[in-house]
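Peer 1: Make a model of this:
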Amino acid sequence: MPRRVTSVDVAAEAGVSQATVARTFSSPEHVSPATRAKVEAAAETLGYVPNAIARSLKSQRTNIVGAVVPATGEFWQSVISAFSAQLAARGEQLLLFSFSDADDVDAVLASVAQYRVDGLVLASARIGSGQLVRMERTGLPLVAFNQPAAAGIVPSVSVDNESGMRDLAEHVIGRGARTVQYVGGISSASTDQIRYRGAARALGEHGVACPYIAAGGFAYDDGYKAAARIAQADDLPDAVMVAGDELAFGVLDGLESGGIRVPDDLILTGFDGLPQASWAGYDLTTLVQSTDVLVEKAVKLTLDRRDGDQTARSDDTSAPADVVVPGTIRIGKTTTPTQTPRNDG
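Peer 2: Sure, this is the predicted structure:
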């Protein structure tokens, strides 16, 4: 096996001390231009790459931010990509910890302690308040992402779930809906609860009930199965509001495979604003979350906590920072019927 080139080799090649090599790559402003040029030329010749681990031991900083994220779901894939890109732009790296089931969360959180990360983003509503409190007590700079229940426990960043679903409810009322069903993902998830509350309250103000159907998850297959329950009911609702886009795609396909036409037989909304929502095959009316904005604020909040910005810290004298970002409605063909809804009074 070839031997790894070290800073000692570079120092010998450049005719300088090992300490000078270290300063060239860690604090180049403290090295003269001529010396820096010699060291960089020697490193290029030898193929030397600075050891990030060694530097982190000295600086007590790794420039690595961890993220605990569900292993499945189109929304979370877009979130991971955004975190990776935005951290890289700041000279930071993403270390991903993923889980497939809520029962795995404790084990995943325990494994985080085995790694030297500068901060941690907990990006799932399946992470409970007790787990958030335990992680906050570790002293690790921590931010919750897309977890409304984290407000007041740890700094958090989320879309305005309740207001967004209220806006969608007003939209379906404006389209003439007088009977509405709500398809939620996981009833115990804080995101699901708050979105349903927004829809139910807004519809209730118009005298419209909003019965809840638990799909059991936010995946496409969960929505497809939930569609069968809607189709088998004695009367179809005028509208179906769905807690997430991927879930809504399954509901839409499931309804149409059963002969129920969207939007002519009933109208349908989602929530998230996934890119697929604008595809011609779906053209879904949905609440668009600005993923880039949400991630940007979460990254800044995490790094501010790491760097000691007291306005972003959770302690005895200041409440955790809670950032809420509004979404925007994208209107698609799923709420634009070509005929009057059947039950429109």
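Peer 1: now the strands for the stretch 1-150 of the chain?
Peer 2: For the stretch 1-150 of the chain, the strands defined by DSSP state E, counting those that start in this stretch occupy 64-70, 93-99, 119-122, 142-145.
Peer 1: ok and the second one relative to strand 64-70, angle-wise?
Peer 2: Orientation of strand 93-99 against strand 64-70 (axes from the mean of the first three to the mean of the last three C-alpha atoms, to 10 degrees) gives an angle of 30 degrees.
Peer 1: which residues are contacting strand 93-99?
Peer 2: Here strand 93-99 makes contact (C-beta atoms under 8 Å, 6 or more residues apart in numbering) with 63-71, 80, 83-84, 87-88, 105, 107-108, 111-112, 115, 117, 124, 126. (Glycine included, C-beta is placed from N, CA and C.)
Peer 1: What mean pLDDT does it get?
Peer 2: Strand 93-99 carries an average pLDDT of 89.
Peer 1: Any buried residues in it, and which?
Peer 2: 93-95, 97, 99 (16 or more other C-beta atoms under 10 Å).
Peer 1: Check the last one too.
Peer 2: By neighbour count on 16+ other C-beta under 10 Å, the buried set for strand 142-145 is 142-145.
Peer 1: so where is the stretch 201-345 of the chain shaky, pLDDT-wise?
Peer 2: For the stretch 201-345 of the chain, the stretches with pLDDT under 70 are 309-320, 337-345.
Peer 1: Count the neighbours of residue 134 for me.
Peer 2: Residue 134: 13 surrounding residues under other C-beta atoms under 10 Å.
Peer 1: what's the nearest residue to it if we skip its chain neighbours?
Peer 2: Distances taken as C-beta to C-beta, 6 or more residues apart in numbering place residue 109 nearest to residue 134, at 7.5 Å, with adjacent residues excluded.
Peer 1: From residue 136, how far off is the one you found?
Peer 2: Distance, residue 109 to residue 136, by C-beta to C-beta, to the nearest Å: 11 Å.
Peer 1: do the same with residue 241
Peer 2: For residue 241, the distance to residue 136 - C-beta to C-beta - is 34 Å.
Peer 1: Equivalent analysis for residue 47, please.
Peer 2: Distance from residue 47 to residue 136, by C-beta to C-beta: 43 Å.
Peer 1: cool, and residue 122?
Peer 2: Relative to residue 136, and taking C-beta to C-beta, residue 122 is found at 10 Å.
Peer 1: before we move on, what about residue 194?
Peer 2: 21 Å.
Peer 1: How about residue 212: what's its closest non-neighbour residue?
Peer 2: residue 182 (5.1 Å).
Peer 1: List the contacts of the residue nearest to residue 134.
Peer 2: 68, 127, 131, 134-135.
Peer 1: Just the buried ones from the residues you listed?
Peer 2: 68, 127, 131, 135.
Peer 1: From those, pick the one nearest residue 178.
Peer 2: residue 127 (38.1 Å; C-beta to C-beta).
Peer 1: For the nearest residue to that closest one once chain neighbours are set aside, give me the pLDDT.
Peer 2: The spatial neighbour of residue 127 that comes closest, neighbours along the chain excluded (C-beta to C-beta, 6+ apart), is residue 105 at 5.7 Å. Predicted confidence (pLDDT) for residue 105: 84.
Peer 1: swap in residue 47?
Peer 2: In this prediction residue 47 is given a pLDDT of 85.
Peer 1: cool, the one 3 residues further on as well?
Peer 2: What the model reports for residue 50 is a pLDDT of 73.
Peer 1: swap in residue 77?
Peer 2: Taking residue 77 on its own, its pLDDT is 86.
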